[in-house]
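Enquirer: got a sequence here, can you build the structure:
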Amino acid sequence: MREAVENEPYGRGFCAPSDRILAMTMQSEPVAVPPVVQYLDGLVDQLRMHAAGVLDTGAVESVHQARVTTRRLRAASDLLRPLLKSGARDRFNHLQRKVRRRLGPIRDLDVLTALLTDFSDADSTAAAAWMLDALAPTRTDLLQTASKDKAVARLPLKLGPWYKIRAQIIDHAASIDPLLSESLHDQIDAFAARARELAEAQPGVDPHQVRIAGKSLRYTLELAAAHGHALEESLLKSFKKLQDALGTWHDFVVLAEQSLLLSAERMVAHHDIKLQRSVLALANAALTFAEGQLEKFNRLWSEHGEGLAESIRAAFPLSQPVEPVTEPKTDHDPADSTPPEIPDGPH
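Expert: This is a model prediction of the structure:
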């Protein structure tokens with residue numbers, strides 16, 4: 001999107017963190033920095049770098065990694081919530097949400113483009129080519145909008161809340177391990193219950209919610225590994241296969257939805273019946289493939305799921321619950337409040 005600017009290490013439109021923030025980070029630590037804080041420092045640096053990549057080139061991988069990094073940071077914020085005061089935490093979460101929501105439609109387009117490029121069903125070839133042509137200018141428009149969004153364009157200047165959060169985590173480092181164990185037990189229980197219901201084809205089970213629960217669990221396992229509690233490689237591979245099946249299911253469901261929505265918006269049936277039939281064939285093929293991925297997930301869960309869940313529980317024995325941080329009561333000023341967050345969309 002933009003050329004790199006000499007002597008601007010964060011890319012065009014970026015500035016180095018303020019002197020105040022740098023001073024906060026350079027202060028001598030009263031205690032050793034916990035491994036999980038070192039991991040989160042790396043994520044904050046990655047977010048800064050990937051946001052710059054979005055602005056400078058609009059690269060597919062920059063968009064993807066920026067969104068994934070915000071999800072990992074949000075998972076950490078949720079995990080460590082009892083240790084954090086609400087002000088900085090809420091501002092930090094709000095920033096992550098704004099970046100993620102701004103880049104979400106671009107990521108959806110990138111996934112659709114990759115699927116359509118590789119689509120080989122003969123009856124759907126015309127629809128795939130039509131969609132690729134229709135979606136190309138949309139990505140450019142979305143990137144331009146993102147480049148004007150302050151959450152993305154000025155992200156390094158808005159990361160100040162992280163350094164307050166960082167200090168709070170260090171102050172309560174002894175509580176990280178109990179929090180990890182408690183959270184992982186809760187999450188694996190929730191994920192296992194939903195996965196079991198899905199595998200048993202119980203009515204009303206939403207595969208999307210199973211997928212979201214699995215992503216949250218994966219990010220918490222990554223935090224645990226960064227803090228020195230990695231699972232065996234074979235367990236992680238089994239879990240990744242489960243996640244991959246649900247991720248591919250989701251991608252092809254979105255392809256089916258978007259092909260039908262786009263053809264309806266463009267009134268394709270009114271103007272080109274053959275093309276509309278190709279769109280319907282594309283949607284049907286995508287749904288068939290998605291259904292196969294659900295069957296794959298159900299088979300994998302039936303074979304390995306319960307053992308995987310029990311292994312995660314055993315690897316993180318429960319300890320005493322963590323006492324949440326208490327905040328002093330102050331007069332509330334609505335001007336200082338963080339706006340309520342709107343939940344992310346279905347994709």
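Enquirer: wait, Arg72 sits on Thr220?
Expert: No: at 9.7 Å, Arg72 does not count as touching Thr220 under the criterion of CB atoms under 8 Å. In short, each C-beta sits where N, CA and C put it, glycine included.
Enquirer: compare the two and say which is more crowded by neighbours.
Expert: Thr220 (24 against 21; other CB atoms under 10 Å).
Enquirer: ramachandran angles for the more buried one?
Expert: Phi and psi for Thr220, reported as degrees, to the nearest 10, are phi -70, psi -40.
Enquirer: check contacts around it.
Expert: Ala75, Leu79, Leu180, Ser183, Leu184, Gln187 (CB atoms under 8 Å, 6 or more residues apart in numbering).
Enquirer: if you set the cut-off to 6 Å instead, what comes out?
Expert: Residues near Thr220 by CB atoms under 6 Å, 6 or more residues apart in numbering: Ala75, Leu79, Ser183, Leu184, Gln187.
Enquirer: widest-spaced pair of those?
Expert: Ala75 and Leu184 (11.6 Å; CB to CB).
Enquirer: strands of the stretch 1-150 of the chain, residue ranges please.
Expert: Read by DSSP state E, counting those that start in this stretch, the stretch 1-150 of the chain holds no strands at all.
Enquirer: so for Leu231, what's the pLDDT?
Expert: You'll see Leu231 listed with a pLDDT of 84.
Enquirer: cool, and Phe119?
Expert: Value for Phe119, per-residue pLDDT: 80.
Enquirer: ok, now how distant is it from Asn284?
Expert: Distance of Phe119 to Asn284, given as CB to CB, to the nearest Å: 12 Å.
Enquirer: of the two, which one has the most company?
Expert: Comparing Phe119 with Asn284 by other CB under 10 Å, the one with more neighbours is Phe119, at 19 against 15.
Enquirer: is it true that the more buried one touches Ala129?
Expert: No: applying CB atoms under 6 Å as the test, Phe119 and Ala129 come out as separate, 9.4 Å apart.
Enquirer: which neighbours do the two have in common?
Expert: Common neighbours of Phe119 and Ala129 (CB under 6 Å, 6+ apart) do not exist.
Enquirer: give me phi/psi at Arg154?
Expert: According to degrees, to the nearest 10, Arg154 has phi -120, psi 30.
Enquirer: for it, what are its contacts?
Expert: Listed by CB under 6 Å, 6+ apart, Arg154 has no contact partners.
Enquirer: so for the helix or strand that contains Leu282, what's the average pLDDT?
Expert: Taking DSSP states H and E as the definition, Leu282 sits inside helix 273-300. For helix 273-300, the mean per-residue pLDDT is 96.
Enquirer: which parts of whatever helix or strand comes next after that helix are buried?
Expert: Toward the C-terminal end, the helix or strand that comes next after helix 273-300 (DSSP H and E) is helix 306-315. Neighbour counts over helix 306-315 (16 or more other CB atoms under 10 Å) mark Leu308, Ala309, Ser311, Ile312, Arg313, Ala315 as buried.
Enquirer: does the first one touch Ser238 like I think?
Expert: Translated: Leu308. Yes: with contact defined as CB under 6 Å, Leu308 and Ser238 form a contacting pair (5.4 Å).
Enquirer: wait, Arg102 sits on Thr145?
Expert: No: using CB under 6 Å, Arg102 is not in contact with Thr145; the gap is 7.5 Å.
Enquirer: who's more crowded, the two?
Expert: Using other CB under 10 Å as the criterion, Arg102 and Thr145 rank with Arg102 on top: 21 against 13.
Enquirer: so where's this structure shaky on pLDDT?
Expert: The chain contains residues with pLDDT under 70 at 1-31, 320-347.
Enquirer: if you set the cut-off to 90 instead, what comes out?
Expert: In the predicted model of the chain, residues 1-32, 118-123, 136, 199-205, 229-238, 315-347 satisfy pLDDT under 90.
Enquirer: quick one, phi psi at the nearest residue to Val33 once chain neighbours are set aside?
Expert: For Val33, ignoring the flanking residues on the chain, the nearest one in space by CB to CB, 6 or more residues apart in numbering is Ile170 at 6.4 Å. Ile170 adopts backbone torsions of phi -60, psi -40, taken as degrees, to the nearest 10.
Enquirer: what's the neighbour count on Ile170?
Expert: 17.
Enquirer: what's the spacing between the closest residue to Glu61 other than its chain neighbours and Leu40?
Expert: Of all residues not flanking Glu61 in the chain, Gly53 sits nearest, at 7.7 Å (CB to CB, 6+ apart). Using CB to CB, we find Gly53 at a distance of 20 Å from Leu40.
Enquirer: and for Phe191?
Expert: Remark: distance between Phe191 and Leu40 (CB to CB) = 23 Å.
Enquirer: and Ile176, helix, strand or coil?
Expert: helix (DSSP: H, G, I helix; E, B strand; the rest coil).
Enquirer: just want the angle from the helix or strand harbouring Ala195 to helix 273-300.
Expert: Element membership for Ala195 (DSSP H and E) is helix 176-199. Orientation check (axes from the mean of the first three to the mean of the last three CA atoms, to 10 degrees): helix 176-199 against helix 273-300 gives 120 degrees.
Enquirer: buried ones in helix 176-199?
Expert: So for helix 176-199, counting by 16+ other CB under 10 Å, buried means 176-184, 187-188, 190-192, 194-196, 198-199.
Enquirer: go on, stretch 207-216?
Expert: Quick answer for stretch 207-216 (16+ other CB under 10 Å): Pro207, Val210, Arg211, Ile212, Ala213, Gly214, Lys215, Ser216.
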